[in-house]
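**Student:** I would like the atomic coordinates for the input below:
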Amino acid sequence: MRSVFLALLLLVLAGCGNKKDVSTSDNTSSDKVQAAVSTEGVIVDRSGEEGCGFMIKVQMDGNESILDPGPLAEDFQVDGLKVKVKYDLSRRQTTCTGTVPVILAEITKK
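**Tutor:** So this is what the prediction gives:
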């Protein structure tokens, strides 16, 4: 009986190690994969496509890219609006095909 109790105690203690936060928050520093990038872009309305909404079209490494910032404030939900953005790339998955998930640090109308 004593050995069964000891075995159970060891299993419980082994399971009490460091816990990694597995939250899916969009704006945590652990989601970032590089330092902040500042650039100009244009808001594009892709809400007609499954899993998409308002995105930001930018030039990234000489190529046009579509950033997925997650939900934008209502003031920025205007197709064709020119903006300045500061963002970090994110590790979160995007639900909109062909977009790059980002965490917005700043967004202003241009």
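**Student:** What's the separation between the residue nearest to residue 73 when sequence neighbours are not counted and residue 40?
**Tutor:** Excluding the flanking residues, the one nearest residue 73 by Cβ to Cβ, 6 or more residues apart in numbering is residue 107, at 7.9 Å. Just so you know, the C-beta spots here come from the backbone N, C-alpha and C atoms, and that holds for glycine as well. Residue 107 is 11 Å from residue 40, where distance means Cβ to Cβ, to the nearest Å.
**Student:** now do residue 76
**Tutor:** Going from residue 76 to residue 40 by Cβ to Cβ gives 14 Å.
**Student:** swap in residue 108?
**Tutor:** Taking Cβ to Cβ, one finds residue 108 at 10 Å from residue 40.
**Student:** SS state for residue 75?
**Tutor:** helix (DSSP: H, G, I helix; E, B strand; the rest coil).
**Student:** if we can go back for a sec, quick one: which of residue 107 and residue 40 has more around it?
**Tutor:** residue 107 (18 against 12; other Cβ atoms under 10 Å).
**Student:** Secondary structure element holding the more buried one?
**Tutor:** Assigned by DSSP states H and E, residue 107 belongs to strand 100-109.
**Student:** Alright, calling it a day.
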